[in-house]
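1. Task: produce atomic coordinates for the following.
(one chain, ligands or ions: 2)
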Amino acid sequence: AARELILAFESSCDETSVAVVENGNKILSNIIATQIKSHQRFGGVVPEVASRHHVEQITLVTDAALKEAGVTYTDLTAVAVTYGPGLVGALLIGVTAAKTIAYAHHLPLIPVNHMAGHIYAARFVKPLTYPLLALAVSGGHTELVYMKAAGEFEIIGDTRDDAAGEAYDKVGRILGIPYPAGKEVDRLAHLGHDTFHFPRAMDKEDNLDFSFSGLKSAVINTVHHADQIGETLSREDLAASFQAAVVDVLVHKTQKALTNYPVKQLIVAGGVAANQGLKEAMNEALAVHFPDVDVIVPPLRLTGDNGAMIGAAAHIELAKRHLASENLNADPGLSF
Ligand code: KG4
Ligand code: ZN
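-> Ligands and ions are numbered 1, 2, ... in the order given. Modelled structure (predicted):
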């Protein structure tokens, strides 16, 4: 079979990333320039700062990706780019770079949905078999997605308010952890115990939806109340109690989804898929209740935002000839 090489761009939030992916499942390069340090003092991503960094980085990162992969523009089969969802100004930098290269080198341009990219990152672990279910958990999204076939996404569960990663970042702020707090809250959680028994919102409700803003408020209120009476609470126990509540709900709703939608593969995708507590609890619960379901979690470097996942998704889109014209625009609110 021909060697299909896709140059893939990701710039939807605070990572400028460009990758070269071969045949949708082999990473030749995956350069990620993170801007986290520039946003930390603001406690979150500042859109204008993000756009400026993307502009400064995109050419350097593109050159590095081609160099590391050992390819030139003439070796490429196509160019792919995240066109949504995300920050409009940030997305536009990647879209403009990809359009320019596609036009200059007469290459097809493949538009990719960022969340599809997160899910297809699992292709780097093993071939996907359909139908499958994905739990996509990131800083902006918390979705249960049913895929009847490649390229077909049905959202069967969604958050009613905050995304899981967003809840981690907000609770982290209360605990004095810099943005993005997920990784450090996860680490603290392993040193503490679930002593606070925070609410598991919507856990018992007969749907596949989530809600995390009540949990976030419960943590904030608990800390403020302790402050008022001059008490200092264990950060480890707060983190452990918060994480237990998040993980319980994610695992229970996933099990409910698996009951309604029988599949053989479950993909856990997005930045929060890096969570150690979530991976352990999901594997444990499914080993007992759904022993035939294979849980696929991409490795750490591929759960967060990266260009390689966009290349994996683009390979499927290219096979379907889902191409963009030179008029491709960023779509910040893009859904499946
Ligand atoms: O997918 P991602 O890199 O960017 C978006 O598309 O949003 O996800 C970033 C989110 C952040 O909220 C971050 O705190 C969270 O993923 N995150 C984690 C962990 N590592 C990153 N949340 C919980 N546990 C982790 N280990
Ligand atoms: Zn993401």
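
2. From the contact counts, what lies against the helix or strand of the chain with the lowest mean pLDDT?
-> The least trusted helix or strand in the chain, going by mean pLDDT, DSSP states H and E, turns out to be helix 36-40, with a mean of 93. Other helices and strands packing on helix 36-40, by 3 or more Cβ pairs under 8 Å, 6 or more residues apart in numbering; DSSP states H and E, are helix 47-69. From N, CA and C alone the C-beta is placed, and that goes for glycine too.

3. any bit of the helix it packs on sitting next to ligand 1?
-> No. In terms of Cβ under 6 Å from any ligand atom, no part of helix 47-69 sits within range of ligand 1; the closest distance is 12.0 Å.

4. and V21, what is it in contact with?
-> Contact criterion Cβ atoms under 8 Å, 6 or more residues apart in numbering gives L5, I6, A8, I27, L28, A308, G311, A312, A314, H315 as the residues in contact with V21.

5. pull the CA atoms of the least confident helix or strand of the chain into PDB?
-> Taking Å, rounded to 0.1, in the frame of the first residue of the first chain, the C-alpha atoms of helix 36-40 are listed here in PDB:
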ATOM      1  CA  ILE A  36       1.100  27.200  29.800                       C
ATOM      2  CA  LYS A  37       3.800  29.300  31.500                       C
ATOM      3  CA  SER A  38       2.400  32.500  29.800                       C
ATOM      4  CA  HIS A  39      -1.200  31.800  31.000                       C
ATOM      5  CA  GLN A  40      -0.400  30.600  34.500                       C
END
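
6. List the contacts of the residue nearest to A273 when sequence neighbours are not counted.
-> Sequence neighbours aside, T303 is the residue nearest to A273 in space, at 4.4 Å (criterion: Cβ to Cβ, 6 or more residues apart in numbering). Contacts for T303 were tallied using Cβ under 8 Å, 6+ apart; they are H118, A121, A269, G270, G271, V272, A273, A274, V297.

7. got a markdown table for those residues, with secondary structure, neighbour count and distance to V81 too?
-> Converted to a markdown table, these look like this (DSSP: H, G, I helix; E, B strand; the rest coil; neighbours: other Cβ atoms under 10 Å; distance: Cβ to Cβ, whole Å):
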| residue | secondary structure | neighbour count | distance to V81 |
| --- | --- | --- | --- |
| H118 | helix | 31 | 15 |
| A121 | helix | 28 | 16 |
| A269 | strand | 28 | 19 |
| G270 | coil | 31 | 19 |
| G271 | helix | 24 | 20 |
| V272 | helix | 28 | 24 |
| A273 | helix | 28 | 23 |
| A274 | helix | 22 | 24 |
| V297 | coil | 22 | 25 |
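
8. Farthest-apart pair in those residues, please.
-> A121 and V272 (13.2 Å; Cβ to Cβ).

9. Close to ligand 2: what parts of this structure are there?
-> Counting by Cβ under 5 Å from the ion, the residues of the chain lying close to ligand 2 are S138, D305.

10. What parts of the chain come near ligand 1?
-> Remark: the part of the chain in contact with ligand 1 comprises 13, 138-140, 165, 168-169, 180-183, 186, 270-272, 274-275, 304-305, using Cβ under 6 Å from any ligand atom.

11. Now the residue of the stretch 201-336 of the chain found nearest ligand 2. Nearest residue, chain neighbours left out?
-> Using Cβ to the ion, D305 is the residue of the stretch 201-336 of the chain that sits closest to ligand 2, at 4.3 Å. Counting by Cβ to Cβ, 6+ apart, D305 lies nearest to E15, which is 4.3 Å off, once chain neighbours are set aside.

12. Tell me the confidence at the residue in the stretch 1-150 of the chain that ligand 1 sits nearest to?
-> When distances are taken as Cβ to the nearest ligand atom, the stretch 1-150 of the chain reaches nearest to ligand 1 at G139, 2.8 Å away. At G139 the predicted local confidence, pLDDT, stands at 97.

13. what's the answer for A19, then?
-> Predicted confidence (pLDDT) for A19: 99.
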